[in-house]
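Enquirer: can you look at this prediction? I've put the sequence above it.
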Amino acid sequence: FELESEPVLIPEQLSIIVIDPKIDRKAFIDQFEQRKQECAVIAEMTGLDSLQDISLSHIERYRNILSTEQLKRGRHVVTENIRASKTARALQENNITRFSQLMAQSHQSMREDFDIIPSEVDILVEMIHQLVGERGGAGHEAVRTPDEEGEAGGDGEELEEHRTIEGVAQRSARLYRSGL
């Protein structure tokens, strides 16, 4: 299957900070690959090529043949695709409060349904959320970096107003180092 993408402009007054939590990248990537395989099995069990374009009701129809874990994985994929569209719309509308809420939902789903959030990232995201609240978003997303082309990353992302960016970066680093 082929993923679709559409460029979305980040509002001018906002910036993205990518913070490397120094997790074991290989272990994270291995776990992410395992989740992809699990999703392929779910798609096969439900008669699909992929989980890319299905609804939550489609996944729920297979409740009797999917395990609880498989239902959670499928639910994550479906709701994450919906959130991606909503996040793009929130950015286009410069609705940072909505963007922040969606990032928090994404992180929660990655942690609870996809079960792929290392504790270090969970701590970091919580610290960032305490610093920026709904003035920005803190979440754990699959971020691609040049040295990991085609692989999922494990960086905490934060969107925040330019004027506070340096302070947030410094406070995040200080809190994270002292919190672990």
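Expert: Alright, I've got the coordinates.

Enquirer: which parts of this structure are strands?
Expert: 14-19, 137-140, 156-161 (DSSP state E).

Enquirer: longest helix anywhere in this protein?
Expert: Counting residues, the longest helix in the chain under DSSP state H turns out to be helix 68-92.

Enquirer: tell me the mean pLDDT for that helix?
Expert: Across helix 68-92, pLDDT averages out at 95.

Enquirer: give the buried residues for it.
Expert: By neighbour count with 16 or more other Cβ atoms under 10 Å, helix 68-92 contains the buried residues 70-80, 83-84, 86-88, 90-91. No exception for glycine: its C-beta is placed from N, CA and C like everyone else's.

Enquirer: over to stretch 31-48?
Expert: Quick answer for stretch 31-48 (16+ other Cβ under 10 Å): 31-32, 35, 38-39, 42-43, 46.

Enquirer: right, and residue 62 touches residue 48 too?
Expert: No - contact criterion Cβ atoms under 8 Å: residue 62 and residue 48 do not qualify, at 10.1 Å.

Enquirer: hey, what's in contact with both of the two?
Expert: Residues touching both residue 62 and residue 48 (Cβ atoms under 8 Å, 6 or more residues apart in numbering): none.
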